[in-house]
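1. Could you work out the structure for the sequence below:
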Amino acid sequence: MAFIIETGQEKEVGFMRNSKYSSVNPVNGNVSWNGPLSQEKGDHTGMPSRTEAYLPGDERGHVNASSLGGGNSNSNVVAQNKDLNHGAYLSVENGERNALRSGATINSEKIAIVDSQPGDRSSTFMVNDTVTYADGHSENIHNSFTNESNANQVEWNNMSSAFPDTYDGPNPEDALRELMGTEEYADLMERTDAELFNLAEDYGPSDFYGDPYAIVENESDVSSSISDDLISDMGIDDIGIDDVGIDDDGIDDGIDGGMEI
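-> Residues are numbered from 1 along each chain as shown. As a prediction, the model looks like this:
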């Protein structure tokens, strides 16, 4: 809803945001959005200033995007690494926008986890969306993201791989690993990574049969993205995809003219 502020001879037009859905936990500092998403015109006026909590490479990121109804106050804007802001988190927001344009409704819980005190930098972002599509069926979509640069995460992976048996430890849930040699399994994982879908695609309505009001879980399971021919190539057609036992680990606004968001 638009509103007008008169300042002397000038008038400024702004947009009312659903600030009642945003909050800062006074105990642990977590910044949350909990409510419905809506299609809005992105607005970055009145953004809070950077603080000492911001690290090099951080931007002012929205827990819930301005174009999805989020406001520009400290209860929704936090320090967010630019790689996350313009990468995986943006991909989720694009999926949410696409779903809304297709007639879906989304009730969203988004949390920038601080677990310290208000004003400190968040370490992790979590998104839990319940998407109800035009045909009446619903899907729960969950993602979580570390608030770090891509370079840092690559460095951590390299450091971990330097330790013996880091990736060769037993995993009773991973049936495929027990049937393959190390090189064969590594090749499968690389091919699987290449087939991973964009996070925005999670929000497309899936094939649905049965009760139109049932809740269908969709947790971006990596195993579900492995194609049938990939499995058959490995000679393990009789192993269920769910037996792979791989978990997806991944949460600002669209890029408006290169603005910091």
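
2. alpha carbons only for contacts and neighbour counts from here, please
-> Noted.

3. and S102, how many residues sit next to it?
-> For S102, the neighbour count with other CA atoms under 10 Å is 13.

4. what about the nearest residue to it once chain neighbours are set aside, neighbour count?
-> Closest residue in space to S102, ignoring its immediate chain neighbours: A134 at 7.6 Å, by CA to CA, 6 or more residues apart in numbering. Around A134 there are 14 other residues, counting by other CA under 10 Å.

5. how about the helices in the stretch 51-200 of the chain?
-> Here the stretch 51-200 of the chain has its helices, by DSSP state H, counting those that start in this stretch, at 82-85, 88-101, 150-161, 175-179, 182-194.

6. which residues touch the residue nearest to S102?
-> Residues near A134 by CA atoms under 8 Å, 6 or more residues apart in numbering: 102-104.

7. same deal with S38?
-> Counting by CA under 8 Å, 6+ apart, S38 has contacts 67-69, 100.

8. and with 7 Å instead?
-> Applying CA atoms under 7 Å, 6 or more residues apart in numbering to S38 gives the contacts 68-69.

9. Equivalent analysis for V63, please.
-> Per CA under 7 Å, 6+ apart, neighbours of V63: 33, 76-77, 110-112, 252.

10. Where does pLDDT dip in the stretch 151-261 of the chain?
-> 157, 160-178, 181-183, 185-197, 206-261 (pLDDT under 70).

11. Recalculate using a threshold of 80.
-> 153-201, 205-261 (pLDDT under 80).

12. Bridge partners for G35, pull those for me.
-> S108 (DSSP bridges).
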